[in-house]
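J.: Sequence first, then the predicted structure, then my questions.
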Amino acid sequence: MAKPVAEPEIGEVRRGRLTVYLGAAPGVGKTYAMLGEARRRCERGTDVVVGYVETHGRANTEAQLEGLEVVPRRVLQHKGSTFTEMDTEAIIARRPKVVCVDELAHTNVPGSPHEKRAHDVEQIRAAGIDVITTVNIQHLESLNDEVERITGVRQRETVPDDVVRTADSIQLVDMSPDALRRRMAHGNIYKPENIDASLTSYFRVGNLTALRELALLWLADRVDDALDDYRRTHQIQETWPAKERIVVAVTGGAESETLIRRGARLAQRAAGSDLLAVHVIATDGLRTGDEGRLSRAQQLVAGLGGTFHSVAGEDVAAAVVDFASGANATMIVVGVSRHGRLRRVVTGSTGDQIAGLAGAIDVHLVTHDQATMSSRSRQALSTLSPGRQLAGWLSALVLPAVLAWVLHLFEDTDQLPLATLTLLATTVLVALVGGLLPALLAAVVGFLVLNWFFTPPVGTFTVAEPRNIVVLVVFLAVAAGVASVVDRASRRSIEATQARTEAATMSALSRSVLTGQDTAEAIVEQVRETFGQDAVSLLRRSPTGWSVLASSGHPCATDPDDGDTRVSVDEDHVIALCGGTLRARDQRVLEAFAVQTGLVLEYRRLKAREERAAALEGAEATSTALLRAVSHDLRTPLATMRTAVDGLVSDGLDEADRATLVSTVGDATDQLERLIDNLLDLSRVQSGLVKPVLSPRSLDEILPIAVSGYEPGAVSLEVDESVPFVRTDRGLLERVVANLVGNAVRVSGGTPVRVLAHVLPTTVEILVVDRGPGVPPDQRERMFEPFQRLDDASPGGLGLGLAVARGLTEAIEGELSAEDTPGGGLTMVVSVPRDLT
């Protein structure tokens, strides 16, 4: 990412350019890349020197230095020790075109001209010298807390973000976590004695992946800033959707939090998306929304990782679109209008206006309770919408009068036939728009209009000729009949549409039951959404009364009599709805839901029965495996003890033979005791009888006991005294670690087993690292099952150790998993909660 070069004014010293090589972690090759660029510039004839470089003894990096001029370092004395730092004054006096400065975040030794190396770099740039430097993402000040949460290590050396953000060019040096760990295992980064500790702590795959994502997202933001600068410089008004940026328009109403959460969910679908909330203030500076709700909305946006903005504008829609365009937004989220349909028809809604002005920006309309609450009760009274009903009543009153006025513009004196036909057509039109009742009103109004304006003598309700009386009566009858037929046809059409909807709903219900994907919770939620209810609950009868099995919405009924509508599922289950009485035709669909609920409950019973059968089958398999194992593995120590005892009671044994037999009895007894302990522990774990006592504990009082009893050098305990307390059961954690260490010692083939501790923000990970043959990834979960020994052919085991260890770990609210040991072997990871009190 590079910025355009600004030409200096005449007489002004050109400020040196800054190029930063940014990495996600040590060892990705930042210094190597920096020196590679220095060599390329030298080959092109540029005067380049090396001001400061740390090679860390890496041969490839040292080879890159060959042929480059290195400015001697400054020697400093501090507390009786000698240190070297970059000689800034010597570099400026040398006046090269470019200087390479490694480790931008470094803190200088006390007594140096500047506290931080970043200050030295600024002094060099002020002298007109270009600087190429390196820095890791974990050293940026703004990311210090995030890095500590990820790695458990707080960086003491940091550099302000502005120093890197304002660089003329930022080059990302990227490497996959697996490749970086291979470099580490091959000794290309740290010394051999530090490799294992680094690979099992800071350089774990999860840490490296998270740091890599931080680096990519941070650099993406800087690229986005550069894009904004370019658009402003070139006066580009159109949005360039290079990054998802969601703008949520909030009014300060009750729906604001709903819109913000919806916008946050949309933003989470794409990594690195931005969430912005905007509230428009009138041009007089007075807020139009509720201050308390706006304050809560602002806090919610901040909690979701977004930003809240206020802009002034007379036209709300235009102000929102202008803000979104300026922010290069890709989508605007706006709520459906809370106003009535008539007002929306007359003045339009803000959402429609924003959609008309947004251009290339997508507009997402979100419904909410405030927009639908007032319309539900009205919709329940008629199949026609309130808007159509209102339009029908207005048409019944207005259209006959308008037609009478239009016909009076003609000079024809005998207009009764034409008026009759046009008013009859008006009645049909009103029936199509507003239904039967407005059409009947239109017929009556048309009858009166015909009588007054077009039936001689006009201007009175008197009818001179008898045949005109027949005309008027026939008109009223035909108009009423046609209105009834049209209304009935319209209702049939609506009912057909509803029938198709009901059929689709019932089809979806049937599929969900047949596939076993539905649950009681999903059914009540679907009932509430389908019928527009406030709350729905599935109640179950018990000897003591009714209890709620599943519910959706609030407040839900806890007794069938509390619901506005209820339907029986079976003798012991009832669905109760709160939020208004349902129409008769909706009862059919509700009955279908009740049938489906019965099927789901039956499916639950069958599934529970299947799980019990599976548990019994598993117990039977365990018993069979146990008997098979007992027939061999328990017989071995018993046979050994019997043989040794027979030898002890025989005559002619010297003291050496007697001591050997006694030792054999002791070893066989220990082996038998371990086997029985594992069997008892497994039984306690599987039956749920393990009751841990969790309390703050130090690993210093647990791990030394867990690793004791082995030959000197067999186990290396490498736990720092600064490891915080953990919340655990001392005895159970000791058993877990001892079990894992015993397994590791058995398979390591004489190579020392290392026990480490890695501190994370909420947990402490105890790592048991061996150099044995390891376990393939596809078999690691199976090795935690009882009686699974995989390729372990050592005598005297039932394959219970890891099953017991995982069960005990879960009992103390921890986790046990297995990872590869780089270079060969297996690392068992016990994650224990930290004591945060």
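T.: That came in fine, so what should we check first? Numbers count the residues shown, from 1 in each chain.
J.: show me where the stretch 651-800 of the chain has helices.
T.: Taking DSSP state H, counting those that start in this stretch as the test, the helices found in the stretch 651-800 of the chain are 655-687, 703-706, 730-747.
J.: want to try a markdown table for the ones you listed, with distance to V470, mean neighbour count and mean pLDDT as columns?
T.: Every C-beta, even on glycine, is put in place using the N, C-alpha and C of the backbone. Listed next are these as a markdown table, based on distance: least, C-beta to C-beta, whole Å; neighbours: other C-beta atoms under 10 Å; pLDDT from 0 to 100:
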| stretch | distance to V470 | mean neighbour count | mean pLDDT |
| --- | --- | --- | --- |
| helix 655-687 | 95 | 15 | 70 |
| helix 703-706 | 110 | 18 | 87 |
| helix 730-747 | 102 | 22 | 85 |
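J.: want to try TSV for these, with distance to A167 as columns?
T.: TSV is the format used below for these (distance: least, C-beta to C-beta, whole Å):
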stretch	distance to A167
helix 655-687	57
helix 703-706	46
helix 730-747	48
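J.: Model confidence for the residue nearest to L423 when sequence neighbours are not counted, exactly?
T.: Using C-beta to C-beta, 6 or more residues apart in numbering and skipping residues adjacent in sequence, the residue nearest L423 is G446, 3.7 Å away. According to the per-residue confidence, G446 scores 76 in pLDDT.
J.: hang on, G446 is in a helix, isn't it?
T.: Yes. Counting by DSSP: H, G, I helix; E, B strand; the rest coil, one finds G446 located in a helix.
J.: tally of neighbours for the closest residue to P777 other than its chain neighbours?
T.: Spatially, and ignoring its direct neighbours in sequence, P777 is nearest to D820 (7.9 Å; C-beta to C-beta, 6+ apart). For D820, the tally of surrounding residues (other C-beta atoms under 10 Å) stands at 17.
J.: got the contact list for D820?
T.: Applying C-beta atoms under 8 Å, 6 or more residues apart in numbering, we find D820 in contact with G774, P777, L826, T827.
J.: What is the nearest of these to H408?
T.: Proximity of the contacts of D820 to H408, judged by C-beta to C-beta, is greatest for P777, which lies at 91.7 Å.
J.: Test for you: state the pLDDT assigned to that closest one.
T.: For P777, the pLDDT comes out at 82.
J.: follow-up on the earlier one: do I have it right that the residue nearest to L423 meets P400?
T.: Yes. At 5.0 Å, G446 and P400 qualify as touching, with contact defined as C-beta atoms under 8 Å.
J.: okay, and the common contacts of those two?
T.: Between them, G446 and P400 share the contacting residues L423, T426, judged by C-beta under 8 Å, 6+ apart.
J.: Please report how far L140 lies from I332.
T.: The spacing between L140 and I332, counted by C-beta to C-beta, to the nearest Å, is 32 Å.
J.: In terms of neighbours, single out the busier of the two.
T.: Here L140 and I332 are set side by side on neighbour count (other C-beta under 10 Å), and the busier one is I332, at 28 against 24.
J.: Provide a list of residues in contact with the more buried one.
T.: Remark: with contacts taken as C-beta under 8 Å, 6+ apart, I332 is in contact with V247, V248, A249, V320, V321, A324, I354, A358, I361, D362, V363, H364.
J.: Also T460?
T.: Each residue near T460 by C-beta under 8 Å, 6+ apart is listed here: W452.
J.: so which helix or strand takes in it?
T.: T460 is part of no helix or strand when elements are defined by DSSP states H and E.
J.: hmm, back to that, got a PyMOL select line for the buried ones in the contacts of D820?
T.: What follows is the PyMOL syntax selecting those of these that are buried according to 16 or more other C-beta atoms under 10 Å:
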select buried, resi 774+826+827
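J.: okay, the contacts of D820 in a markdown table with distance to G292 next?
T.: Below are those laid out as a markdown table (distance: C-beta to C-beta, whole Å):
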| residue | distance to G292 |
| --- | --- |
| G774 | 60 |
| P777 | 54 |
| L826 | 57 |
| T827 | 53 |
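J.: Cross the contacts of D820 against strands and list the overlap.
T.: L826, T827 (DSSP state E).
J.: what two of the contacts of D820 have the greatest distance between them?
T.: Taking C-beta to C-beta as the measure, the contacts of D820 reach their widest spread between P777 and T827, a distance of 12.9 Å.
J.: Output the below-cut-off pLDDT ranges for the stretch 101-250 of the chain.
T.: When residues are selected by pLDDT under 70, those of the stretch 101-250 of the chain lie in 191-201, 224-243.
J.: tally of neighbours for L606?
T.: When neighbours are defined as other C-beta under 10 Å, L606 has 11 of them.
J.: likewise G263?
T.: Neighbour count of G263, defined by other C-beta under 10 Å: 28.
J.: Could you measure from the residue lying closest to it once chain neighbours are set aside over to R262?
T.: With C-beta to C-beta, 6+ apart as the measure, V248 is the residue that lies nearest to G263, at 3.9 Å, once sequence neighbours are left out. V248 sits at a distance of 8 Å from R262 (criterion: C-beta to C-beta).
J.: between the two, what contacts are shared?
T.: By C-beta under 8 Å, 6+ apart, the residues touching both V248 and R262 are V333.
J.: With neighbour numbers in mind, choose between those two.
T.: Neighbour comparison, V248 and R262: the larger count goes to V248, with 31 against 19 (by other C-beta under 10 Å).
J.: Quick check: bridge partners of the more buried one?
T.: Listed beta-bridge partners, V248: A277, V333 (assigned using DSSP bridges).
J.: low-scoring stretches of the stretch 701-837 of the chain, by residue?
T.: For the stretch 701-837 of the chain, the stretches with pLDDT under 70 are 786-801.
J.: what helix or strand does F323 sit in?
T.: helix 316-326.
J.: now for that helix, which elements pack on it?
T.: Other elements packing on helix 316-326 under the criterion 3 or more C-beta pairs under 8 Å, 6 or more residues apart in numbering; DSSP states H and E are strand 245-249, strand 274-281, strand 307-312, strand 331-335, helix 350-357.
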